[in-house]
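sequence first, then the predicted structure:
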Amino acid sequence: MDNVASQDLTIIKASLNILIVDDEANIRKTLMICLETLGHRSTAVGSVRDAVAEAARQVFDLAFVDLRLGVEDGMDLIPSLLQAQPALSIVVITAYASIATAVEAMRRGAADYIPKPFTPDQVSLVVQRIAAVRSMEQRIAALQEDLRRLHPEASFDSHHPPMLRALDLARQAAPTEAIVLLRGPSGTGKSVLARAIHEWSRRKDKPMGVVACASLSPELLESELFGHVKGAFTGAVRDNRGRVAACEGGTLFLDEIGDLPLPIQPKLLRFLQDREYERVGDAVPRKADVRILAATNADLAAAVKEGRFREDLFYRFNVFPIDLPPLRERTEDIEALATRMLEFFGAQNHKFLRGFSDEAVQAIKSYTWPGNLRELRNVIERAAILCASDIVGIEHLPEALAPRPQAVRLGDPVGLDAIEEAHIRRVLASTKSLQEAADILGIDQATLWRKRKQYGI
């Protein structure tokens, strides 16, 4: 409760920059005193021209606009202010308040209105309401940005023709109600693309749910999908509405649909055909408006032949298949993907990482990546953590990508350059900065930089 109270207080005390547009000097002065008492900044003008000029000079959070500005109509000012500042909240103030006036002001883009004469409490209430809405919008925007940053592989830039085709098909399918089946090996980004399809669709403002078909028993999976009523089975101590109902109006993503148990397949088929289902333990039929997306790394046609997947359900899912290529085939994209992930994990670990050494790039591009994007993400995150300089070298990559040559030891029949290179590599790998490494080696940073370039470190 203390946290909630603290958040509410933050909203109330948030300082707004407010524009006051009124042709009466006393009203402007009263409003300015009232707003400044509440802790807000304000600018007051008396004409449409001055209001437009101020909106061009500075950014406002809120504007109080009088509808009668001498011979000018404040109603006409609303679209002009919003054109200059689309995020601006406008509150109409008028001595001629009526339902028709309020409706017209809202139609033109006003957020609220207060009648004259107004009290300081009325002004405070409307400002607090606007501040609360703006604070919530900012929090949502920040959360969306955080979510985006949690998925560095969620970039859809590509130069690989099959991947470009997959993305083009996804964008074409997104605005429709078609069931989309994403096919490809594990780790190729099927779930990331499914979420993108939802975001590109008309349902983006509604919920998106995910059900991993391979992770639950048949009984639990049916309950997870369609819900259950209290007492339907042992452990069902309360009603559960299920993912289908929770995603009403939105999207449900069924991951690894090839692992869907046979007993549930006819029930899912019925839902796909009629949008109708029943909760476990309840005979009452229910309906839901939910779009289905699915993904699989299995050959569903082969599963049909083997009797593990219903043929009629297969054809329902196979309306709009999209194939995602494995990472090993995307040779044009691997370096760019790795660089983008390195930027992300560098920032996450508070490091400035400029890129990869030539040897590291070659190792990354020549590896077959059996784990696809998921494996690449793990490798780059590990390298970002291990790297003590600003360049990720081959020594920061796993042994599978870059088998290490046998360590050079004093007395081995090798040249001095090989011994120097091995020693510099060991020192760089064990220190946190170039300066620290240079100090241990007894050279300056410029010399160390040249040595690293010479040996491709």
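Nice, I can see it. Numbering: from 1, shown residues only.

any weak-confidence spans in the stretch 1-150 of the chain?
Within the stretch 1-150 of the chain, the ranges that satisfy pLDDT under 70 run 1-14, 96-99, 138, 141-150.

all the strands of the stretch 251-400 of the chain, in order from the start?
251-255, 276-277, 286-287, 291-296, 320-323, 355-356, 391-392 (DSSP state E, counting those that start in this stretch).

now the second one: how far from the chain's centre is it?
When you say that, I think you mean strand 276-277. When C-alpha coordinates are averaged (CA atoms, centre = their mean, to the nearest Å), strand 276-277 and its chain have centres 31 Å apart.

residues in contact with that strand?
The set of residues external to strand 276-277 that reach it, using CB atoms under 8 Å, 6 or more residues apart in numbering, is L225, F226, V244, K267, R270, F271, P285, R286, K287, A288. C-betas here are computed from N, CA, C, even on glycine.

coming back round to it: pick out the shakiest of the strands of the stretch 251-400 of the chain, pLDDT-wise.
Set side by side, the strands of the stretch 251-400 of the chain show their lowest mean pLDDT on strand 286-287, which sits at a mean of 86.

and that one, what does it pack onto?
Helices and strands touching strand 286-287, by 3 or more CB pairs under 8 Å, 6 or more residues apart in numbering; DSSP states H and E, are strand 276-277.

out of the contacts of strand 276-277, which end up buried?
Neighbour counting with 16 or more other CB atoms under 10 Å marks L225, F226, V244, F271, R286, A288 as buried within the contacts of strand 276-277.

before we move on, back to that, can you say which of the strands of the stretch 251-400 of the chain is nearest to T447?
Proximity of the strands of the stretch 251-400 of the chain to T447 was assessed by CB to CB; the nearest stretch is strand 391-392, lying at 16.2 Å.

what about N26, how many neighbours?
Close neighbours of N26, defined as other CB atoms under 10 Å, add up to 8.

are we agreed that it is in a strand?
No - secondary structure of N26 (DSSP: H, G, I helix; E, B strand; the rest coil): helix, not part of a strand.

gap between it and V91?
Between N26 and V91 the computed distance is 19 Å (CB to CB, to the nearest Å).

next: R171.
The separation that R171 has from V91, given CB to CB, amounts to 40 Å.

which helix or strand contains the residue nearest to G250 when sequence neighbours are not counted?
What sits nearest to G250 in space, not counting adjacent residues and going by CB to CB, 6 or more residues apart in numbering, is K206, at 3.3 Å. Here K206, judged by DSSP states H and E, is contained in no helix and no strand.

K206 is in contact with A246, isn't it?
No - when contacts are counted by CB atoms under 8 Å, K206 is not listed as touching A246 (10.5 Å).

so what's I443 up against?
Counting by CB under 8 Å, 6+ apart, I443 touches K451.

part of a strand, is it?
No - I443 is assigned coil when assessed by three-state DSSP, not a strand.

ramachandran angles for it?
Phi and psi for I443, reported as degrees, to the nearest 10, are phi -130, psi 170.

ok, the spatially closest residue to V379 that is not a sequence neighbour to L376 distance?
Closest residue to V379 apart from its sequence neighbours, by CB to CB, 6+ apart: P398 at 6.1 Å. To L376, P398 is 11 Å away according to CB to CB.

which one of these two is surrounded by more residues?
A side-by-side neighbour count of P398 and L376, using other CB under 10 Å, places L376 first with 21 against 13.

quick check, that one in contact with T368.
No - with the criterion set as CB under 8 Å, L376 and T368 do not qualify as a contacting pair; they are 11.5 Å apart.

ok, the nearest residue to V280 once chain neighbours are set aside - contacts?
Take V280 and drop its neighbours on the chain: the residue closest to it by CB to CB, 6+ apart is H228, 3.8 Å away. Under the criterion of CB under 8 Å, 6+ apart, the contact list for H228 reads A236, D239, N240, G242, R279, V280, G281, D282.

let's see the pLDDT reported for the fourth one.
What the model reports as pLDDT for G242 is 89.

according to the record, where do the domains of this protein fall?
Structural domains assigned to the chain are 2-145, 161-325, 331-455, following automatic domain parsing.

neighbouring contacts of stretch 319-327?
Contacts to stretch 319-327, defined as CB under 8 Å, 6+ apart, come from residues 160, 162-163, 166, 169-170, 173, 178-185, 187-190, 193, 334, 337, 369, 372-373, 375-376.

test my guess that R308 contacts L262.
Yes - proximity of R308 to L262 meets the contact threshold set by CB under 8 Å, at 7.1 Å.

filter the contacts of H228 down to the buried ones, ChimeraX style.
Once 16+ other CB under 10 Å is used to decide burial, the buried members of the contacts of H228 can be selected in ChimeraX as follows:
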select :240,242,279,280
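
burial of A402, as a residue count?
19.

then I93?
Residues contacting I93 under the criterion other CB under 10 Å number 25.

which residues touch it?
For I93, the contacting residues are D22, I27, F64, V65, D66, L67, Y113, I114, P115, K116, F118, by CB under 8 Å, 6+ apart.

thanks a lot, catch you later.
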